[in-house]
Every structure is written in structure tokens, then in C-alpha cells.
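Provide a 3D model corresponding to the input given below.
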Amino acid sequence: MKNTNTNNRVIVIGAGPVGISAAAQLIARGLEPLLLEKGSRVGHAILEWGHVRVFTPWQYITDKAVMDLLEPMGWKHPDKKHLPTGQEIVDEYLVPAAEITALKNHILYDANVVAVSKLGLSKSSTLDRNSVPFTVHYKTSDREHNVIEAMAVIDASGTWYNPNPIGADGLMVPGEQEFSDRISYGIPETLTRNKALYEGKKTLVLGSGHSAINVVLDVLQLKKENADTKLIWGLRRNKIEKLLGGGINDKLPARSALGTAAKEAIDDGALELYAPMNVRKISKIGCRMNVEMDIDDKIQTIEVDRIIVATGFHPNLEMLREIRLDLDVVVEAPNVLAPMIDPNFHSCGTVRPHGIDELSHTDKNFFIVGMKAYGRAPTFLMKTGYEQVRSIADELAGNHEAARKIELDLPQTGVCSSRPQISTSTEPLAVSSECCEIAPVEKPPSKECCDSTPITEKKPEVASGKCCGPAPTHTAKSNWD
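Predicted coordinates for the structure are as follows:
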């Protein structure tokens, strides 16, 4: 890659499914991609939810451009009807693509992108802006600062590092950071690796999406093994019917089964359900956390040992401060794309196929793709990301007509809401996790707590606590709320 002409080089940030697809599409068109992956291997972020099984089968997870590189090397496509776990997606698809095809010469690992700009120009500089290359600044694991130039940049870094905090206002509630060693974000692995943290304990799960259901069902499984395990489920809005309403009508069997199981648990009284509720603050009470909640305009408190926050993610735009973006102020997706996916209005059916025209920004040849392209919208399908990068690759290669011929075959799923102002986006969900690893942090037991169980969590680099890990247990997965 060192001898590659800058005029032919395209930087792709993130070696997840969509980033790998982007590189394959670029190679097929004679361009020179360089994937900068923060982790030590492809699909690092996916391994953080490697124990979770996606809703959609293999046929909607693989990309043709990647398969065109794999199949001549003897790779065989997994059973197209099988619903893989995140671990299987990495082991059976991403790793072979990165190790046995031409892609292996186009990936740089342990490369944490910290900023993107234009050569010699800040965001406020306009003269000759579109004629100069991009500069991508990244740091290696030994903190060495490097800069590389490229004619285009495709940001496929995803949203994994930016979990939404507990507060309904988008901010941390008082006490959330103080008790971060007892709070996890996303879908923590509760049945094996972190079982001791939750078995026999009282856990509050926050969230109203399929991720929250996954967590709830796992904790209930622990309850079957240990009756002392207690579960409270809190929803910000009293919209449980939105979550469970698909039921047997949901055309994705795995997702239907997930909702049905959750409804049965509620009907059986296996958990306490609070809806609507908002957490106001967290404080210490003995060995536990005291959670102050607003329920139906009344203040109540509960004592819990653990909190799991499954309330979504949002894009990290800090590294793009010197790029001129064209983003909707609400969704934080490209302005043309935002109305198509806005969770305040988007109701049912699949998102209209989209490509170069919907994904372009003010700075020419800079693109955000994959889950990050959707900003704060909650649902995303890998197949959608593959068509995004196919369109962009054609545009960069000069195939302008092909770039605007968008074709996407998606399964029809789900049921629609009768209230379109409430988001019930029912796209088949498979997380696009084009970002990188979360380093494990070993934490000693709290000196103030009676529980002597060692706490081992995977923590993001921001002040929040997220944990997951490989062990095939779940039956389905969506992107976070």
C-alpha cells in the first residue's frame, strides 16, 4: 500500500461486514482500498455480541463482491437458511475474507482513526477544497501517530462505542458514572462468562427493543436455575404492545419467537414491569444501588445489584469535526436519507433502497455508510449497507449511471403501527458492527460492597460500562432500540 497513488486510494474506516464489502467492491473496480481497523482482527466489535443470534439468515448477510473473492479460494457458503451468531459471522465469513483473499493485503489492524480532514485545509478553508486529498490520522496500539492521504474516505466505523446513557434526555443521570462498574450497555453475556454477576442478584433492565428482550430472557433463564435471581424491566414509554405486537404475525420467525417468549414471561409474572418510567438518579444504599424513578409522575425507588442499559447507540462524530458534513440535526444521518429512516415518523416496511445521492456530503468523496449512516435511527440491515458501498464504489470508479441504479432484495417482515408518529420500523435486523474492539478491563470487587464476586467487564473507552462476549446462547438479535 505504501506505493499506491493517492489518486487511486480509498480509505475505509472499519473492517466489519460493510467495511469488508466496501473494500471488495473497490477492488473489483480497480481502485485501491486501505481498511483501517482499530481492533486486532476483522469483526472485533461483532465478537462483543458473538453469543447473539441474528434475526436474518445467511442469505442476507453475505455480500456478492466478497463471495466473488472467496469462492475461487474454495470457500463454501454456509447454509443460507441458518441464522448465525455473531461469532459464526466472524469465523465463517469475515475471517476467511480477510485471510485467504486479496483483501489480506488491504487491511491495517490496530489503527485507531482519530481524525479526518483535507490536506492543508481546516473545515473553514474553502479555496481548492475539492481538489486536495483527504488526510486520515490514526494511532497504533503503541500510540504512534500516523497520517495517510487518499482521494476518498468511506467511514464504516459503526456506532458500537457510543451507547446511549440512562437519561431520557440523552445524558447520564446522576450516579451513572459513579456506579459504572455495576452498569452494562447493550447485551451483556449473562449466562456463562459473566454469570456470577447476575445469578442470585437483582437486575434492572432498561430498554424497549429486541435487545432488551434478549437480556430479559437471559436473566429469566438464570432465575430458573437460581430462584434468588430477580428481574425488573423498565420502559421509558408505555409501548409494550409495540414491542410484542408482532408476535406470531412477524414474518421473521426468530423475532416472532422472541416477542412471544417475552409476553409469556410478563403474563406469568416472572418479572416486574414498569412502564412508563424514567430513571432520575442512582445512589448507594448498603451494598446495592438505589434507583430513583419517575413512574406515572410519581417518584419511587428500587434497590438493585446491577443495571443493564439496552437503549440504543448513536454515532461518534468527533473524528469528523474538520469534515464538512451534511447531516440532519435530529437523526444525524445525511439530510436526504434522514426522512426515510427518522424513527419519529418511519413506521413500517423496509427503507427505500438508497446509494450515492442519499449518502453524499458537502465534502465531495466523503461518505458515512453502514449503521453509522443511519445516525440515531435504530434499525439497519447489513444488505442495505452492501448496496450503499456498491453504489459509492461505482461512483468513485466513474460508473455514474450504475451508481444510481439501486437494487435491493429484502425480505418482507413485521407488522405496522396504527400510529405512524411512533417508530415501529420492522426491517429485518442484523447489526452492522463496523467498528472495533473494546478492551477488557479487570476490576476488583468494590471495597464498599458485601459481594466478593470479582467483576470482569468489557468497558468502552468512554465513561460507560458495556459487556458482551462469545458463547452461543441467544435466539435472535436486533440493533439496539
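
contacts and neighbour counts: CA atoms only from here.
Fine.

tally of neighbours for the nearest residue to Lys223 once chain neighbours are set aside?
For Lys223, the nearest residue in space outside its immediate sequence neighbours is Thr229; the separation is 4.8 Å by CA to CA, 6 or more residues apart in numbering. Neighbouring residues of Thr229 were enumerated by other CA atoms under 10 Å; the total is 18.

correct me if wrong: Thr229 contacts Gln221.
No: here Thr229 lies out of contact with Gln221, judged by CA atoms under 8 Å, at a distance of 9.4 Å.

so which residues of the stretch 1-150 of the chain form strands?
Ranges of strands in the stretch 1-150 of the chain, per DSSP state E, counting those that start in this stretch, are 9-13, 32-36, 107-108, 112-118, 134-139, 145-150.

partner strands of the fifth one, parallel or antiparallel?
Read it as strand 134-139. Applying DSSP bridges, strand 134-139 is found paired with strand 112-118 (antiparallel), strand 145-150 (antiparallel).

how much does the longest one deviate in direction from strand 32-36?
Okay, so that is strand 112-118. When axes from the mean of the first three to the mean of the last three CA atoms, to 10 degrees is applied, the directions of strand 112-118 and strand 32-36 differ by 130 degrees.

strand 112-118: which residues count as buried?
Neighbour-count burial for strand 112-118, with 16 or more other CA atoms under 10 Å as criterion, is recorded at Asn112, Val113, Ala115, Val116, Ser117, Lys118.

circling back to that earlier point, how about the strands of the stretch 1-150 of the chain in a markdown table, adding mean pLDDT?
Conversion of the strands of the stretch 1-150 of the chain to a markdown table gives the following (pLDDT from 0 to 100):
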| stretch | mean pLDDT |
| --- | --- |
| strand 9-13 | 98 |
| strand 32-36 | 98 |
| strand 107-108 | 97 |
| strand 112-118 | 97 |
| strand 134-139 | 98 |
| strand 145-150 | 97 |
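
do you know which of these lies nearest Ile392?
Nearest to Ile392 among these is strand 9-13; the distance by CA to CA comes to 11.0 Å.

pull the distance from stretch 331-346 to the chain's centre.
From the chain centre to the centre of stretch 331-346 is a distance of 17 Å (CA atoms, centre = their mean, to the nearest Å).

list the buried residues in it.
By neighbour count, with 16+ other CA under 10 Å as the criterion, the buried positions of stretch 331-346 are 331-338, 340-343, 345-346.

ok, now how distant is Gly398 from Glu322?
Distance of Gly398 to Glu322, computed by CA to CA, to the nearest Å: 26 Å.

oh sorry, the question was meant for Lys139
Taking CA to CA as the measure, Lys139 falls 17 Å from Glu322.

what's the average pLDDT for stretch 221-237?
When the per-residue pLDDT values of stretch 221-237 are averaged, the result is 91.

repeat for stretch 76-93
Along stretch 76-93, the predicted local confidence has a mean pLDDT of 96.

which other residues reach that stretch?
The list of residues contacting stretch 76-93 from outside it, by CA atoms under 8 Å, 6 or more residues apart in numbering, reads 42-43, 46-47, 49-59, 62, 470, 472.

pull out the buried members of the residues you listed.
Among the contacts of stretch 76-93, those scoring as buried are 42-43, 46-47, 49-58, 62, 470, 472 (criterion: 16+ other CA under 10 Å).

low-confidence ranges, the stretch 201-350 of the chain, go.
Per-residue confidence for the stretch 201-350 of the chain (pLDDT under 70) gives these ranges: 238-259, 346-350.

how about a cut-off of 80?
Across the stretch 201-350 of the chain, residues meeting the criterion (pLDDT under 80) sit at 209-210, 237-268, 344-350.

how is this protein divided into domains?
Structural domains annotated on the chain: 6-161+313-403, 180-311, as defined by automatic domain parsing.

any idea which of these is most buried?
Of all those, domain 6-161+313-403 has the most neighbours on average by mean count of other CA atoms under 10 Å, namely a mean of 21.

that one: how far from the chain's middle?
Averaged over its C-alpha atoms, domain 6-161+313-403 has a centre that lies 13 Å from its chain's centre (CA atoms, centre = their mean).

ok, now stretch 165-182?
Distance of stretch 165-182 from its chain centroid, counting by CA atoms, centre = their mean, is 20 Å.

kindly check the end-to-end length of it for me.
The distance separating the two terminal residues of stretch 165-182, taken as CA to CA, comes to 14 Å.

average pLDDT for that stretch?
Rounded to a whole number, the mean pLDDT of stretch 165-182 is 96.

list the buried ones in it?
For stretch 165-182, the neighbour count (16+ other CA under 10 Å) marks Pro165, Ile166, Gly167, Met172, Val173, Gly175, Glu176, Gln177, Phe179, Ser180, Asp181, Arg182 as buried.

related to what we said a few turns ago, how about TSV for the strands paired with strand 134-139, with distance to Tyr198 added?
Compiled in TSV, these are given as follows (distance: least, CA to CA, whole Å):
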stretch	distance to Tyr198
strand 112-118	33
strand 145-150	41
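
sorry, back to before: for Asn194, find the nearest of the strands of the stretch 1-150 of the chain.
Asn194 lies closest to strand 112-118 among these, at 27.8 Å (CA to CA).

for that closest one, which outside residues touch it?
Taking contacts as CA under 8 Å, 6+ apart, the residues outside strand 112-118 that touch it are 13, 36-39, 123, 129, 132-141, 318-323.

and what of stretch 281-293?
Outside stretch 281-293, the residues that reach it (CA under 8 Å, 6+ apart) are 173-176, 277-280, 299-306, 448-451.

residues contacting the residue nearest to Lys223?
Applying CA under 8 Å, 6+ apart, one finds that Thr229 lies in contact with Tyr198, Glu199, Gly200, Lys201, Lys202, Val219, Leu220, Leu222, Lys223.

cutoff 6 Å now
Glu199, Gly200, Lys201, Lys202, Lys223 (CA atoms under 6 Å, 6 or more residues apart in numbering).
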